Structures are given as structure tokens and as C-alpha cells.
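1. Below are the sequence and a predicted model; questions follow.
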Amino acid sequence: MPETTGVDVYYDPFDFAIDDDPYPVWKRLRDEAPLYHNEKYGFYALSRYDDVAAGLYNWDTFRSGRGTILEVILSGVEVPPGLVLFEDPPLHDIHRRVLSRVFTPRRMAAVEPLARQFTIDALDPLIGADGFDFIEDLGAWMPMRTIGALLGIPEQDQATLRDNTDRKLSLKDGGSAKKIAAAEKRSGEGRVFEAPNLDIIADYVDWRAKNPAEDLMTDLINAEVEDSGTTRALTRTEILTYISTIMGAGSETTTRLLGFAGQLLADNPDQRRELASQHSLIPGAIEEVLRYEAPSPVQARYVASDTEHYGQTVSEGSVMMLINGSGNRDDRRYPDPDRFDIHRRASHLSFGQGLHFCLGAALARMEARVALEEVLKRWPDWDVDHANAERAHTTSVRGWAKLPVRI
């Protein structure tokens, strides 16, 4: 008998109440509707670990080339070249090879002292205060400055680019209905998905082309790729889209990761004190934060061919939501999955799987490790001021917009 949506099981990725605490809904999906169909928006969803992991690997069936965000797929907009998150092979492989040169061990080792100094600069002025905000005082700044330095974006302009990205991603009340309605209205009009900040980035690229430096922007301007048996330079559109993608993806998700780390270590003070006394435990703690609270918990895919799950056919042309944040809490995979445990040493789906595994994973892990080391050196104890904390609601990530803590 097909296992699909129960009468009273409802999941809406744009519903703020669900997004604030999706885990009870996701558990019901795993138990009662492992293949879920949302009639309102027309998407399907897989929520169990094994199904999500397999789906992330299966790019032949579950395609990224029409977008990995629900409303982008529904809109039918054209995805410009260089937006590697929204690409399939062979174009994806060409562009990923270029980006893989960015996040090398050598470059990560070189950027770590910068990330640490940016963290010190953010935290030292707060010593002696009654508290600070994990997002506004640290999470929104250190990752942005680190990726900005890697790219060669002038410091005075980095916040503008970050804020523009936030505005493009953010949802307001009723945002789901408005975005989906707009997407359906635009469908088929030949519109192109516009990455944020392209006009600003274009000015940087023009200047950097005449003034090369030891930064990623110069590397991209000079990069060559193998394409259809020939070697060519990146197009201007590819360069601009690369930079926009790296700037956005390189800061937004790490910001949410740092916020979740601050909250979970406040919720689990004994484990936080272990980390304060033994910094070697921090990398494992970061993996558990990523498992427990995935900053990017839902991945949308276009279904390229009919596929069967739990006795039901999902037709070509459908949209499939792969809920990696749910898979991370699947009791079929993890014992006691709703318990936060820095000693768990478990793998997770928060950086994806297969050919779309997050290229910036090493950078995010390094930034989170550095941030926690520096925070715990100064403050081994804190409590969240929940009355003044605020959630962020965006189309692709979830987490805290403000997370003030009392020291």
C-alpha cells in the first residue's frame, strides 16, 4: 500500500511556525508519509536519511539545473552559467573544477589567521560587557570578512553585499504565497535568475582586471576551463556569478551555523564547559551542531524522469524536496537523534552528498572552530536572552537573525 500523505500531516517549508521548529513535523513525515505530497504547492518530499542521501547522489533523476529552491524551479527562470549550485553535468563539472581550486588546503591554511584576527577584532571590544549577540556581533561579520578577504572585496563594501543577499533571500509574513504566485505568473516568460550584487561586483572585476592581486577575483579573471575539447577563459557572466555565489554561500550558512552553536551550547552547559576546558573537542562539537541543526535543511530538485518511492510514481516534471535536516534526525540512522551530544561522532547530510557536496565545507568548519575557540577563551558561560532573540526566515537557510546572550 502506498505510504503517502496522511490526512492531517502537513508540511510547508514557507510556514514560519513550522520553520521555527520543524522537527515534530519532519518526524511525522518520516513515520507516516515518507513520500509526502503537498497539494498546495505541488511538490513531493523525502524525509528519511537513506532516501535523502540516495536522492542527493542521484543527480540523473533529481536535477539542480532549474534551481535548488522551490520558487526558482516553479518560476521557470533560466539559470545563468556560473551559478554552480544550480547546475548539472557537464556544465556543473566544468565550473566546479574551477571553484575547487579556491578551497584548497593551502588556501584554507592561509586564510585561517585572517578568520582568527577578524574574530578577535569582533570579540575583544565586548570584554567587560554584560553580553553580546552571536549573530550581530560575530556571525554576521567574521564569515563575511573572511570570504570578502579571500575574494578581494573591499572591506567597506562587504556589509552592503551581505545585506543585499539577505534581502534577496529573506521572506516576510505571507512570503510563501507571494513568491509562489509571482513564480507561477512569470513562468515561461524567458526570465533569467539574477544573482544578487552583480552590478557592484562588475565594478570590482573591471578594476581588478587592470590591477591584479593575490586574491580569488584575480584567479577567476585569469582562469581557463576545458569545455567541449577546447580551452577558454571564463565569460564575464560566469565570473560575476561565481563571485556572487561564493560571497553569498560563503557567509550566509556559516552565520547560521555560529548562531546554532551559540544556542545549543547555552542549552547544554555541561557540554559547553567540556569544550571550554578541552578545545580539541570543538571540531566534533561542530559536526554535532551541523547534524542537529542543519543551516540549509531542505534541497529542492526537478524530477527529470519518472521515479517510484513507497509504491507511488513521482512523475517527470515534478518537484522533489530532499529534507536533509530531517534525515539528520532519523532514528533509523541515529540512536536517540533528538539528543545533542558533542561526543556522537556521527556523519550528517548538512553539507549534501555526491557531486553537489558543499565546496565550502572546510572553510565553514574552520571558521566555526576558530569562532568557538575565541569565544570560549573569553566566556566559558552564557545564557540566551530568548526574549530578544529573533529567527531568520529565508528561502534556503534557517537559523537565528539575532541571538543575544548574557554572560
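-> Received, thanks. Numbers count the residues shown, from 1 in each chain.
2. contacts and neighbour counts: CA atoms only from here.
-> Fine.
3. distance of residue 89 from residue 75?
-> Residue 89 sits 22 Å away from residue 75, going by Cα to Cα, to the nearest Å.
4. Can you check the pLDDT for the residue nearest to residue 151 when sequence neighbours are not counted?
-> Leaving aside its sequence neighbours, residue 151 sits nearest to residue 216 (Cα to Cα, 6 or more residues apart in numbering; 4.7 Å). pLDDT for residue 216: 86.
5. hang on, the earlier thing: which of residue 89 and residue 75 has more residues huddled nearby?
-> Legend: neighbour count by other Cα atoms under 10 Å for residue 89 and residue 75, higher for residue 75 (25 against 16).
6. ok, now how distant is that one from residue 345?
-> To residue 345, residue 75 is 40 Å away according to Cα to Cα.
7. next one: residue 290
-> Noted for residue 290: a distance of 11 Å to residue 345, by Cα to Cα.
8. Name the residues of stretch 25-40 that are buried.
-> Neighbour-count burial for stretch 25-40 flags 25-30, 33-37 (criterion: 16 or more other Cα atoms under 10 Å).
9. so how far is the first residue of that stretch from its last?
-> Length of stretch 25-40, first residue to last, Cα to Cα: 17 Å.
10. pLDDT (mean, whole number) over it?
-> pLDDT averaged over stretch 25-40 gives 97.
11. go on, stretch 337-344?
-> Rounded mean pLDDT across stretch 337-344 is 98.
12. Stretch 84-97 now?
-> 89.
13. residues in contact with that stretch?
-> By Cα atoms under 8 Å, 6 or more residues apart in numbering, the residues outside stretch 84-97 that reach it are 59, 63-68, 79, 82, 225-227, 242, 245, 356.
14. Contact partners for residue 64?
-> Counting by Cα under 8 Å, 6+ apart, residue 64 has contacts 85-88, 300-302.
15. how close does it sit to residue 77?
-> Taking Cα to Cα, one finds residue 64 at 13 Å from residue 77.
16. distance of residue 313 from residue 341?
-> Residue 313 is 38 Å from residue 341, where distance means Cα to Cα.
17. more crowded one of these two?
-> Neighbour count, other Cα under 10 Å: between residue 313 and residue 341, residue 341 has more, with 18 against 11.
18. I'd guessed that one sits against residue 288; true?
-> Yes: counting by Cα atoms under 8 Å, residue 341 does reach residue 288; the two are 6.6 Å apart.
19. before we move on, back to that, next, give me the two most distant ones among the contacts of stretch 84-97.
-> The distance between the two most remote of the contacts of stretch 84-97 (Cα to Cα) is 25.5 Å, for 68 and 226.
20. Settle it for me: which of those two has more neighbours?
-> Shown here are residue 68 and residue 226; by other Cα under 10 Å, residue 68 has more neighbours (24 against 13).
21. mind listing what the more buried one touches?
-> Residue 68 is in contact with 85-86, 299-301, counting by Cα under 8 Å, 6+ apart.
22. Tell me the one of those nearest residue 333?
-> residue 299 (19.6 Å).
23. Tell me the spacing between the nearest residue to that closest one once chain neighbours are set aside and residue 265.
-> Excluding its sequence neighbours, the residue lying closest to residue 299 (Cα to Cα, 6+ apart) is residue 322, at 5.1 Å. Separation of residue 322 from residue 265 (Cα to Cα): 28 Å.
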